[in-house]
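Engineer: Starting from these lines, generate the structure:
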Amino acid sequence: MRRVILAIVTTAAVLVLLLTFKSHTSTSALLPAAVGAGPDQGAGSQSTGSAVAPPASGSSGTAGAISGATSGGTRTVTGASVMTIYGPVQVKLTVTNGKVTSAQAIQYPDGTPRDYEINAYAIPQLQQETIGVSSPNIDAVSGATYTSQGYIGSLQSALDKAGL
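Structural biologist: Numbering: from 1, shown residues only. Have a look, this model is predicted:
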């Protein structure tokens with residue numbers, strides 16, 4: 001009798017767990033439009049989670065491209081795409097007279113709602129810390145360790161390409 005009751009209770013518990021399981025779905029409507037976007041960068045140009053996305057608009061498919069110098073010694077440098085366990089992270093910098101004046105994360109993991117949630121607060125913090133520095137010695141964001149490590153790796157690559 002005890003075995004029958006145990007079997008029924010176990011079956012009911014497993015059934016409840018299966019019915020309440022929610023799989024992760026990728027919905028771009030959950031991502032705030034401004035995350036990682038600069039003045040010329042929309043939310044639709046980020047990567048798609050675990051797969052390596054194509055390079056951001058304007059690059060020819062090679063990581064680390066440098067655009068031509070413009071007035072005032074301003075140039076744009078794109079760092080290498082650094083693969084993390086959740087997807088690639090890539091940084092684009094605008095350098096004016098040897099100082100970083102703008103930083104954009106043009107690729108970062110965004111394949112799940114949790115990725116959106118983490119990067120909605122991590123990417124702006126990383127970008128803000130990058131402006132004005134000429135080294136990859138920035139603080140990692142708590143709770144976004146892998147994104148921070150990928151960002152810092154790509155930042156180092158971009159700074160190397162910029163000669164800083």
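Engineer: Run through who's touching stretch 128-140.
Structural biologist: Applying Cβ atoms under 8 Å, 6 or more residues apart in numbering, the contact partners of stretch 128-140 are 91, 93, 98-103, 126, 148-149, 152-153, 155-156, 159, 164. (Each C-beta comes from the backbone N, C-alpha and C, glycine too.)
Engineer: redo that, cut-off 6 Å
Structural biologist: With Cβ atoms under 6 Å, 6 or more residues apart in numbering as the contact definition, stretch 128-140 has outside contacts at Val100, Ala103, Ser148, Ile152, Leu155, Gln156, Leu164.
Engineer: which ones are touching the last one?
Structural biologist: Neighbour list for Leu164: Ser134 [criterion: Cβ under 6 Å, 6+ apart].
Engineer: re the thing from before, can you tell me which of the contacts of stretch 128-140 is closest to Thr10?
Structural biologist: Closest approach to Thr10 among those (Cβ to Cβ): Ser148, at 42.7 Å.
Engineer: Test my guess that the closest one contacts Leu155.
Structural biologist: No. Using Cβ atoms under 6 Å, Ser148 is not in contact with Leu155; the gap is 10.1 Å.
Engineer: Of these two, which one has the most company?
Structural biologist: Leu155 (28 against 22; other Cβ atoms under 10 Å).
Engineer: Got the confidence number for the more buried one?
Structural biologist: Looking at Leu155, its pLDDT stands at 90.
Engineer: Who are the packing partners of whichever strand or helix holds it?
Structural biologist: Here Leu155, judged by DSSP states H and E, is contained in helix 145-162. Helix 145-162 is packed against strand 74-78, strand 82-84, strand 87-96, with contacts defined by 3 or more Cβ pairs under 6 Å, 6 or more residues apart in numbering; DSSP states H and E.
Engineer: Throw the ones you listed into JSON lines and include mean pLDDT, distance to Thr10 and mean neighbour count, thanks.
Structural biologist: Below are the helices and strands packed on helix 145-162 laid out as JSON lines (pLDDT from 0 to 100; distance: least, Cβ to Cβ, whole Å; neighbours: other Cβ atoms under 10 Å):
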{"stretch": "strand 74-78", "mean pLDDT": "88", "distance to Thr10": "55", "mean neighbour count": "20"}
{"stretch": "strand 82-84", "mean pLDDT": "91", "distance to Thr10": "39", "mean neighbour count": "17"}
{"stretch": "strand 87-96", "mean pLDDT": "90", "distance to Thr10": "38", "mean neighbour count": "25"}
